[in-house]
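Participant: how would this look folded up:
(2 chains)
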2 protein chains.
Amino acid sequence: MSDALRPGPAMSPGAGEIFQILRDGRARTKAELAAHTGLARSTVALRVDALLAADLLHAAGDAVSTGGRPPARVAFNARAGVVLAVDLGATHATVAVADLGGVIMDARTRPVDIGDGPESLLDEILSDGAALLNADPVHGIPLLGIGIGVPGPVEHSTGRPTNPPIMPGWDRFDVPGYVQRTFDVPVLVDNDVNILALGEHATTWPDVDDLIFVKVSTGIGAGIIAGGSLQRGAQGSAGDMGHVQVPRAAASTRDPEDERDLEALASGSALARSLRARGVDARDPGDVIDLVRAGDPLAVEATRQAGRDVGEVLATVVNLLNPSIIVLGGSIARAGEHLLAGVREVVYRRSIPLATQHLSIVQSQAGDRAAVLGAAIMVAHEVLSPASVDRLLAARPR
Amino acid sequence: MSDALRPGPAMSPGAGEIFQILRDGRARTKAELAAHTGLARSTVALRVDALLAADLLHAAGDAVSTGGRPPARVAFNARAGVVLAVDLGATHATVAVADLGGVIMDARTRPVDIGDGPESLLDEILSDGAALLNADPVHGIPLLGIGIGVPGPVEHSTGRPTNPPIMPGWDRFDVPGYVQRTFDVPVLVDNDVNILALGEHATTWPDVDDLIFVKVSTGIGAGIIAGGSLQRGAQGSAGDMGHVQVPRAAASTRDPEDERDLEALASGSALARSLRARGVDARDPGDVIDLVRAGDPLAVEATRQAGRDVGEVLATVVNLLNPSIIVLGGSIARAGEHLLAGVREVVYRRSIPLATQHLSIVQSQAGDRAAVLGAAIMVAHEVLSPASVDRLLAARPR
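Facilitator: Okay, here's the model as predicted:
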């Protein structure tokens, strides 16, 4: 690279910014980029050359000439790098490799036991990740970052799980530090519900600014997108719906004083427990789902009541945050329309009219891949930020 | 203005952006602005000249020379224009005139009855506003916008109150349209609690990204700042805490089935009603405040219980949004520490540890001026946005 291309103090702001414009995938000429940014043509040319040299842009054919040599167009090269996206659940781990545009190129899922603790589990995940990176079609493309979703609260700024109830041995474990011993790239960790909210938002509701994603499976949690951004709160614990107390009207239909948290009333585990108490053979949430799918009347009614309980809390969320979409996901939501029906019944009756008149409550559309998609989007967003791109250019050998 | 300064398509993006850098009040040279933005020196010079001609910047003395003529510095001219900021309550209206930096230059308060309806009330407000604009020190400075806080829900995008319970005659009234018949400038309307949240945030907690402001007076409402931005939700009704149902544990200490909304349990009106039911002469929230200040034990205990009820709902808010600061404002909060004590008692016991370990719950600091400050900040932010500044420059006579 010539001295003229060397990123210096006067040049460093800007290459990352120009790059953002091109992340929509549309090809543009340098003249179009200059007009769009107000930057001098010569400045745009220097920065585009640096981005081309770093492979983040590629030549994308010529524009139509207005006389003379037709101007060259450049476009975002989504295959300049890949990210690893990990969806770690209580009993499974999916590792996917995605390009920088969030397209999944390859993936592996294996059964795991989250109780095995972080080191052996992360070793398995990293081994799957290495296998994916070394195989076609990924082999040779540089790894730029890793995004990991885990089934518990995470301090997002440090990537450490914090008192995760179903993750023994993970409390305060330095997940990024451990992963970076194998892959020295940025590692972002978040709880699985935030990751699902990002995936659902990107794939199905990209133009919605205010969306609540609720996962009802073994436990219950929410991912909150408000004002167009995922809200993690001050310590990263935002969206903890499972420990919200259910208002009296609903909770009074059941008795024990200690069963007041939403998760203790309406999660898959709670459903299995309450069905067992009524003599139904339901050992776990999986059995509940099977019973619901088979049309068992007790299981169906219990699921609908769980929807009403979730709805009691969502009525509060609707008054507080006035979302336009509530998405229900997780295994219990996917077992049929019963949970959704219960949620709708309560939310539309209970929330203030201004907040519900344009509110849609829907099932998750993004399916099984939402988690790895969300993890890929989270980490791609980080490694392609203006500051990250500028750092990446500055670090290149010259 | 010479042709060279005329804002054209190639120039229009950027003047507004450059201006944002200077809104912190620090003076800078054109060279510093060029380095900061990566724009060409010549581009910066054109835009700074346009902003100087529009009076939005002023010359701010010379920088230290590094040889030759010392470079001139420019700075934000907060007195290039003023805004009117209106705090409309049930029984008072304050009209203030503020400069573009949010400094209150003059203000008037008058008693009103919100039940008189929008036209006569807005006429009074506009007449006060005109008097302020025509008097020193404001006379001659152009009015750039008007911000209005009202005691009820507002569709922020249109400025129309929506089913406001204590504002008869205001439902769907086109407040901006009516005001613009007198002052043809941008008019933003929001509910008073959002305005208070903006004022409190700007004056006392500018570096906090996640703050909940709760107003407890005649009614109860919240203003939510999450991820650094005021969250209004899809229809502008976010923050409606008053209609949130109180969880069973607290509500069960009182009886009537219809008293489940927080506002029906813990507002100033509810406190007066419950004290009357116990034989205390409390006609309205003002009487409750007097009794609390005089140390009446029933009034003090009722206020503390109201704090516990507010705390039950805030425990949910804390789990959902993980704020770092909760600010309690409004007349009942200001009557002493009793409401605050009740809120703290419940929130710290009830919310998840990760969300409370760094949580502060405090009294409002910004005082009586918070509302007009918030209204001024809201409208200044709008009229000084990059797009607004670019429009303003484009509309100037040349």
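Participant: Near chain B, which residues of the stretch 251-398 of chain A are found?
Facilitator: By C-beta under 8 Å from any C-beta of the partner chain, the residues of the stretch 251-398 of chain A that approach chain B are A:251-252, A:260, A:312-313, A:315-317, A:319-324, A:350-355, A:357-359. Just so you know, the C-beta spots here come from the backbone N, C-alpha and C atoms, and that holds for glycine as well.
Participant: residues from the stretch 51-200 of chain A in reach of chain B?
Facilitator: A:153, A:155, A:162-163.
Participant: Those in helices, which ones?
Facilitator: In helices, judged by DSSP state H, none of those are found.
Participant: Dump those residues into CSV; add distance to residue A:57 and neighbour count as well.
Facilitator: Output for these, formatted as CSV (distance: C-beta to C-beta, whole Å; neighbours: other C-beta atoms under 10 Å in any protein chain shown):
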residue, distance to residue A:57, neighbour count
A:153, 39, 29
A:155, 35, 17
A:162, 40, 20
A:163, 44, 14
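Participant: Any stretches of the stretch 201-350 of chain A with poor pLDDT?
Facilitator: By pLDDT under 70, the weakly predicted segments of the stretch 201-350 of chain A are A:247-259.
Participant: what's the answer for the stretch 51-200 of chain A, then?
Facilitator: Looking at the stretch 51-200 of chain A by pLDDT under 70, you get A:64-66.
Participant: can you list the domains in chain A?
Facilitator: A:3-77, A:82-185+A:371-383, A:201-365 (automatic domain parsing).
Participant: Of all those, which one is nearest residue B:378?
Facilitator: Across these, residue B:378 has its closest neighbour in domain A:201-365 (15.0 Å, C-beta to C-beta).
Participant: For chain B, what is the nearest residue in the stretch 151-300 of chain A?
Facilitator: Residue of the stretch 151-300 of chain A nearest chain B, by C-beta to the nearest C-beta: residue A:233 (2.4 Å).
Participant: Not counting sequence-adjacent ones, nearest residue to that residue?
Facilitator: residue B:322 (2.4 Å; C-beta to C-beta, 6 or more residues apart in numbering or on different chains).
Participant: wait, that neighbour sits on residue A:224?
Facilitator: No - counting by C-beta atoms under 8 Å, residue B:322 does not reach residue A:224; the two are 9.8 Å apart.
Participant: what sits in contact with each of these two?
Facilitator: residue A:238 (C-beta atoms under 8 Å, 6 or more residues apart in numbering or on different chains).
Participant: List the contacts of residue A:346.
Facilitator: Counting by C-beta under 8 Å, 6+ apart, residue A:346 has contacts A:250, A:307-308, A:311-312, A:314-315.
Participant: Same check on residue A:325?
Facilitator: Listed by C-beta under 8 Å, 6+ apart, the contact partners of residue A:325 are A:205, A:208, A:210-212, A:359-362.
Participant: Quick one: those residues as JSON lines, columns for secondary structure and neighbour count too.
Facilitator: Output for the contacts of residue A:325, formatted as JSON lines (DSSP: H, G, I helix; E, B strand; the rest coil; neighbours: other C-beta atoms under 10 Å in any protein chain shown):
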{"residue": "A:205", "secondary structure": "coil", "neighbour count": "21"}
{"residue": "A:208", "secondary structure": "coil", "neighbour count": "17"}
{"residue": "A:210", "secondary structure": "coil", "neighbour count": "23"}
{"residue": "A:211", "secondary structure": "strand", "neighbour count": "24"}
{"residue": "A:212", "secondary structure": "strand", "neighbour count": "25"}
{"residue": "A:359", "secondary structure": "coil", "neighbour count": "21"}
{"residue": "A:360", "secondary structure": "strand", "neighbour count": "14"}
{"residue": "A:361", "secondary structure": "strand", "neighbour count": "22"}
{"residue": "A:362", "secondary structure": "strand", "neighbour count": "15"}
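Participant: Tell me which stretches of the stretch 201-350 of chain A form strands.
Facilitator: Here the stretch 201-350 of chain A has its strands, by DSSP state E, counting those that start in this stretch, at A:211-216, A:220-226, A:229-230, A:325-329.
Participant: Torsion angles phi and psi at residue A:166?
Facilitator: In terms of degrees, to the nearest 10, the main-chain angles of residue A:166 are phi -100, psi 20.
Participant: which residues in the stretch 51-200 of chain A form strands?
Facilitator: If DSSP E, counting those that start in this stretch is used as the criterion, the strands of the stretch 51-200 of chain A fall at A:57-62, A:72-76, A:82-88, A:92-99, A:104-111, A:143-150, A:154-155, A:160-161, A:187-191.
Participant: Comparing these, which comes out most buried?
Facilitator: Mean neighbour count (mean count of other C-beta atoms under 10 Å in any protein chain shown) peaks for strand A:82-88 among those, with a mean of 28.
Participant: partner strands of that one, parallel or antiparallel?
Facilitator: strand A:92-99 (antiparallel), strand A:143-150 (parallel) (DSSP bridges).
Participant: so which of those strands gets nearest residue A:169?
Facilitator: Nearest to residue A:169 among the strands paired with strand A:82-88 is strand A:143-150; the distance by C-beta to C-beta comes to 12.3 Å.
Participant: can you count the residues close to the residue nearest to residue A:233?
Facilitator: 28 (other C-beta atoms under 10 Å in any protein chain shown).
Participant: and the residue of the stretch 151-300 of chain A closest to chain B, backbone torsions?
Facilitator: phi 80, psi -180.
Participant: how much space between it and residue A:94?
Facilitator: As judged by C-beta to C-beta, to the nearest Å, residue A:233 and residue A:94 stand 27 Å apart.
Participant: Skipping its backbone neighbours, what lies nearest residue A:332 in space?
Facilitator: Using C-beta to C-beta, 6+ apart and skipping residues adjacent in sequence, the residue nearest residue A:332 is residue A:216, 4.3 Å away.
Participant: need the contact list for the one you found.
Facilitator: A:266-268, A:306, A:310, A:328-333, A:339.
Participant: Same check on residue A:362?
Facilitator: If you count contacts by C-beta under 8 Å, 6+ apart, residue A:362 has them with A:325-328, A:340.
Participant: surely residue A:321 meets residue B:232?
Facilitator: No - Residue A:321 sits out of contact with residue B:232 when judged by C-beta under 8 Å, with a separation of 9.6 Å.
Participant: which residues are common contacts for these two?
Facilitator: Residues touching both residue A:321 and residue B:232 by C-beta under 8 Å, 6+ apart: residue B:238.
Participant: Which residue of these two possesses the greater neighbour count?
Facilitator: More neighbours surround residue A:321 than the other of residue A:321 and residue B:232, with 29 against 25 (other C-beta under 10 Å).
Participant: who's in contact with the more buried one?
Facilitator: Residue A:321 neighbours (C-beta under 8 Å, 6+ apart): A:210, A:212, A:224, A:226, B:224, B:231, B:233, B:238, B:320.
Participant: next one: residue A:157
Facilitator: Neighbouring residues of residue A:157 by C-beta under 8 Å, 6+ apart: residue A:236.
Participant: could you redo the last one with a cut-off of 10 Å?
Facilitator: Contact analysis of residue A:157 by C-beta atoms under 10 Å, 6 or more residues apart in numbering or on different chains lists A:232, A:234-236.
Participant: If anything else comes up later, I'll come back, but that's it for now.
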